[in-house]
Every structure is written in structure tokens, then in C-alpha cells.
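> Quick one: sequence plus predicted model below, questions after.
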Amino acid sequence: MLTEFLRDQFFTTAWFGLMAFVWFGWSQESPDRRWRVWLGAGSVLGIGIAVAFGVLTATNWDQPTALDGKYAWFGVLVAAEVVAAAAGCLLLSRRGASRWMAWWVALVVAAHFLPLALLLNDLGVAVVGLVQLAALGLVARPLRATSTPSSRSAGPIMGATLLLSAAIGALIAVSGA
């Protein structure tokens, strides 16, 4: 993304690639028939970036990170994200609205990028979160008019934004390394 820390650049690129793989996978729960090949291709590209930049992360682990001295806060942020996603999904399940789970989890993930950007000192992470929040807001109303799982919309939004961000991060990392 947009960090001065090479290790963080490699790790964020790898993580966004892995999460693109995950979101494209979830979007295959109930995909539009025409999207299936594209969702699969996105998954393959995401995992490829994750593996390549995961190796680069491991080989550069001794490099400085923006998280030095902030690991506890990072843990608190991740824990809060997990609790918020799980609590929302539990509530949706109990209300018979399970089809909204992917949208809810996507919303929590996108929102967590804002404080994460502060911890990582990386404006690019905040931009990803803001774009995701805007896109998820745009699909909320049309989703209400259907009975399809929200993964059909939220999965491609999250997968595409994360894959694009990983690709941009890869280009920045390779050009700056």
C-alpha cells in the first residue's frame, strides 16, 4: 500500500491477496452464472499474490515495522473486529436474516481498515476501507429487494477491492524494493 516499511508493504500485499481469495470464495455461495469463471480467476490470482508476498514477508521479517510498540493495540483491534463480526452474525442468525451475514462481516472488515491504517501509518489501507464502505452502502438497498445471499454482492466487492489493492501493493513493493 502506501507505507515506508517494506515488511509491512509485503505483509499487507500478501494478506490482501489471501483475503481476496477468501472473499471470492465466499461469493461463490450463490453466484450469478456469468460470474463464476471471474470469481474463480480472482481466487487464483489472490492466492498467487498471497504466496509470493508471503515468502517475501518471511524473508524480510527482520525489517522494521510500523507496529513496533503497537502490537497490543493491533491485537485489541483484531479482537474487536472478530467480536463485532461474530456478534452481528449471531444476531442475524437468531433473527432469521442469515443471508445478510456476508454483508455484515464485509462492513466490519471495511470499517476496521480505518483504525488499522492509523496503526500501520498507511493511508492506502484507509482508502481501501472507505471504498469498500461506500460500495457496501450502495448495494444495501438493492439487496433488500431480493432474497439472495448477500455474499453474491459483498463477496465480489470485497474480493475485487482487495485484489486490486494487492496488485497495486505488489507493484509498489516491487518498484520500491
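Received the coordinates, thanks. Numbering: from 1, shown residues only.
> longest helix in the protein, by residue count?
Longest helix in the chain, counting residues (DSSP state H): helix 151-176.
> which helices and strands does that one pack with?
helix 6-26, helix 36-59, helix 101-120, helix 123-144 (3 or more CB pairs under 8 Å, 6 or more residues apart in numbering; DSSP states H and E). For glycine as for every other residue, the C-beta is placed from the backbone atoms N, C-alpha and C.
> Please list the residues outside stretch 29-43 that contact it.
20-21, 24-25, 27-28, 102, 148-149, 151-152, 155-156, 159-160, 163 (CB atoms under 8 Å, 6 or more residues apart in numbering).
> Stretch 8-22 now?
Applying CB under 8 Å, 6+ apart, the contact partners of stretch 8-22 are 1, 3, 42-43, 45-54, 56-57, 60, 65-67, 109, 120, 122, 125, 128, 158-160, 162-163, 165-166, 169-170, 172-173, 176.
> Just the buried ones among those residues, please.
Buried by 16 or more other CB atoms under 10 Å: 1, 3, 42-43, 45-47, 49-50, 52-54, 56-57, 60, 65-67, 109, 120, 122, 125, 128, 158-160, 162-163, 165-166, 169-170, 172-173, out of these.
> Nearest spatial neighbour of residue 107, chain-adjacent residues omitted?
Spatial nearest neighbour of residue 107, excluding adjacent residues (CB to CB, 6 or more residues apart in numbering): residue 136 at 5.5 Å.
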